[in-house]
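Asks: what would the 3D arrangement of this be:
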Amino acid sequence: MTIFTCLTLSVSLLPVSLPFVSLHQAGVLFDVDGVLVRGGSLIPAARRAFKKLLDRNNNFMFPVVFVTNAGSCQRQDKAKHLSHLLDVKIAPEQVVLSHSPLQMLKSFHQKCVLVSGQGPLTDITRTLGFQKVVSIEQLKEHHPLLDMVDHNRRPKLPASPLQTFPKIEAIVLFGEPIRWETNLQLLMDVLLTNGSPASAYDPQLSAQLPVLACNMDLMWMAEAPSPRFGHGMFLLCLESVYRKLTGRELQYQALLGKPSLLTYQYAEHLLRLQNHHHKLTTIYAIGDNLMTDIYGANLYNRYLAQQNTAMTTSTKLVAQGTGSHVTMAVPEEELVSAAAECRSILVCTGVYNPRSPLPSDQSSNAAEMVFHGHRDLVLDPDLVEPSHVVEDVEAAIDLLLQQEIL
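Replies: Below you'll find the predicted structure:
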């Protein structure tokens, strides 16, 4: 068992007026929940940290991107919210939500997709490039007899579904829904009828509809003393129900959001755009969750290190950290990973509790019980070993400045 302890660093920052492009080869990826905020409240260290990242002209000294597994809003709304909280101008192009990489999976954009989650999902999905979108609410409205758990909401009379209701061709899971029982039931109806939920289940289905899932966080940190259920918990329920009914494992065409490689490739792409397309040497990824932030940053660091080896296919590279090649969706437009390394920095203000032991033996029963990663991830001790552990995000920035400036 390994227990990490939090370190507190303090450095004095000299005034710097030149833009980051001229001085530095580093970029910074920030998680949001548990690092900058707890629920709707700003963590005090966050504002102090960002003051240290600005030069005398209030420009960032390094390229900065916020990578969050949140997905119930648009990028511009998240940027506006962060700007208000941090008292720093954040552009939408500096925000990566769990669903942001979907815009690159263009082969799905012409398919009729059923979306699950909460927030303005139809608008979000269309903004990402999808042309034919059906929400769980629309599906329930057209087929009211499918949702029967809540006795008070059962239809009084049988309804006749519209003949024009489209056949579902793929499912996109954005985040945890409000009514889990409704979404579990209707998603299963769609999966087991090959996209025609008004029909009876087909036990002879030879293929499964494509499922794209965003945000694998089992838990996340809000204002409560302990972490809350995240979308990863909903996925666990969906996988369990599907396996119980079919005897097969639910397959994903793509798993997006941290810790997926595609999310980090996209984040590096945005960092380089801020850096006027100049190559970055080091990416610092700051997070509070071992199984998403640290695992993802370390997996990406491993990916970067293997770029010049004999391993040439994305499947072989991803297999180093995941149990299934389907967890790496291949975008139609190539993303270049050019950084030399990605360093993971774990803070102690969110999900991670420094008093909790970390399972280090993959074969032990204890490790299996406490592994909070997604089913398709492999518990590799090296991938949950942070490069640095610090008290909070201010200490993380102090460390970065110590590494890059002093």
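Asks: and the pLDDT at the spatially most central residue of the chain?
Replies: With distances taken as Cα atoms, centre = their mean, Gly257 lies nearest the centre of the chain, 2.3 Å away. Each residue has a pLDDT score; the one for Gly257 is 94.
Asks: let me see the contact set for it.
Replies: Residues counted as contacts of Gly257 (Cβ atoms under 8 Å, 6 or more residues apart in numbering) are 69, 71, 97-99, 214-217, 263, 292. No exception for glycine: its C-beta is placed from N, CA and C like everyone else's.
Asks: what is the nearest of these to Cys348?
Replies: Thr292 (15.7 Å; Cβ to Cβ).
Asks: neighbours of that closest one, how many?
Replies: 32 (other Cβ atoms under 10 Å).
Asks: quick one: low-confidence parts of the stretch 151-300 of the chain?
Replies: 155-163 (pLDDT under 70).
Asks: rerun that using 80 as the cut-off
Replies: 151-164 (pLDDT under 80).
Asks: what helices and strands are in contact with the helix or strand where Phe50 lies?
Replies: Per DSSP states H and E, Phe50 falls inside helix 44-52. With contacts defined as 3 or more Cβ pairs under 8 Å, 6 or more residues apart in numbering; DSSP states H and E, helix 44-52 has these neighbours: helix 75-86, helix 393-404.
Asks: give the rounded mean pLDDT of it.
Replies: 95.
Asks: give me the buried positions along that helix.
Replies: 45-47, 49-50 (16 or more other Cβ atoms under 10 Å).
Asks: how about the contacts of Gly257 in a markdown table, adding secondary structure and distance to Met233?
Replies: Formatted as a markdown table, the contacts of Gly257 follow (DSSP: H, G, I helix; E, B strand; the rest coil; distance: Cβ to Cβ, whole Å):
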| residue | secondary structure | distance to Met233 |
| --- | --- | --- |
| Asn69 | coil | 13 |
| Gly71 | coil | 15 |
| Leu97 | coil | 19 |
| Ser98 | coil | 15 |
| His99 | coil | 18 |
| Cys214 | strand | 14 |
| Asn215 | coil | 11 |
| Met216 | coil | 10 |
| Asp217 | coil | 9 |
| Thr263 | helix | 20 |
| Thr292 | helix | 13 |
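Asks: which of those residues sit farthest apart?
Replies: Farthest pair in the contacts of Gly257, by Cβ to Cβ: His99 and Thr292, 15.1 Å.
Asks: give me the residue ranges of the stretch 301-406 of the chain where confidence is low.
Replies: 307-335, 355-371, 379, 405-406.
Asks: residue boundaries of the strands in it?
Replies: Ranges of strands within the stretch 301-406 of the chain are 341-347, 388-390, based on DSSP state E, counting those that start in this stretch.
Asks: make TSV from those and add mean neighbour count and distance to Lys80 to it.
Replies: Output for those, formatted as TSV (neighbours: other Cβ atoms under 10 Å; distance: least, Cβ to Cβ, whole Å):
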stretch	mean neighbour count	distance to Lys80
strand 341-347	24	24
strand 388-390	21	28
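Asks: neighbouring contacts of the helix holding Phe50?
Replies: Under Cβ under 8 Å, 6+ apart, the answer for helix 44-52 is 13, 35-37, 85-88, 349, 391-398, 401.
Asks: from the residues you listed, list the buried ones, please.
Replies: Using 16+ other Cβ under 10 Å, the buried members of the contacts of helix 44-52 are 13, 35-37, 85-86, 88, 349, 391-398, 401.
Asks: returning to what we had before: possible to save the strands of the stretch 301-406 of the chain as CSV with distance to Ser226?
Replies: Shown next, in CSV, are the strands of the stretch 301-406 of the chain (distance: least, Cβ to Cβ, whole Å):
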stretch, distance to Ser226
strand 341-347, 17
strand 388-390, 20
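Asks: nearest to Leu209, of the ones you listed?
Replies: Short answer: strand 341-347, nearest of those by Cβ to Cβ, at 33.9 Å.
Asks: count the residues that sit near Pro92.
Replies: 12.
Asks: typo on my end, it should be Ala254
Replies: Count around Ala254 with other Cβ under 10 Å applied: 22.
Asks: please name the bridge partners of it.
Replies: Bridge pairing for Ala254 (DSSP bridges) gives the partners Leu212.
Asks: surely it meets Met104?
Replies: No. Between Ala254 and Met104 there is no contact under Cβ atoms under 8 Å: 10.3 Å.
Asks: so how far is Lys52 from the residue lying closest to Val64 once chain neighbours are set aside?
Replies: Using Cβ to Cβ, 6 or more residues apart in numbering and skipping residues adjacent in sequence, the residue nearest Val64 is Val28, 5.0 Å away. Taking Cβ to Cβ, to the nearest Å as the measure, Val28 falls 11 Å from Lys52.
Asks: before we move on, what about Ala305?
Replies: 29 Å.
Asks: picking that back up, tell me which of the strands of the stretch 301-406 of the chain lies nearest to Glu169.
Replies: strand 341-347 (35.3 Å).
Asks: how about residues contacting whatever helix or strand Leu238 lives in?
Replies: According to DSSP H and E, Leu238 maps onto helix 231-246. The contact list for helix 231-246, computed with Cβ under 8 Å, 6+ apart, reads 69, 71, 98, 117, 173-177, 180, 183-184, 187-188, 191-192, 213-219, 248-250, 372, 374-375.
Asks: next, the buried residues of it.
Replies: Buried, per 16+ other Cβ under 10 Å, within helix 231-246: 231-235, 237-239, 241-242, 246.
Asks: Leu105 and Pro210 touch, don't they?
Replies: No. Using Cβ under 8 Å, Leu105 is not in contact with Pro210, being 9.9 Å away.
Asks: since that was my last question, I'll sign off now.
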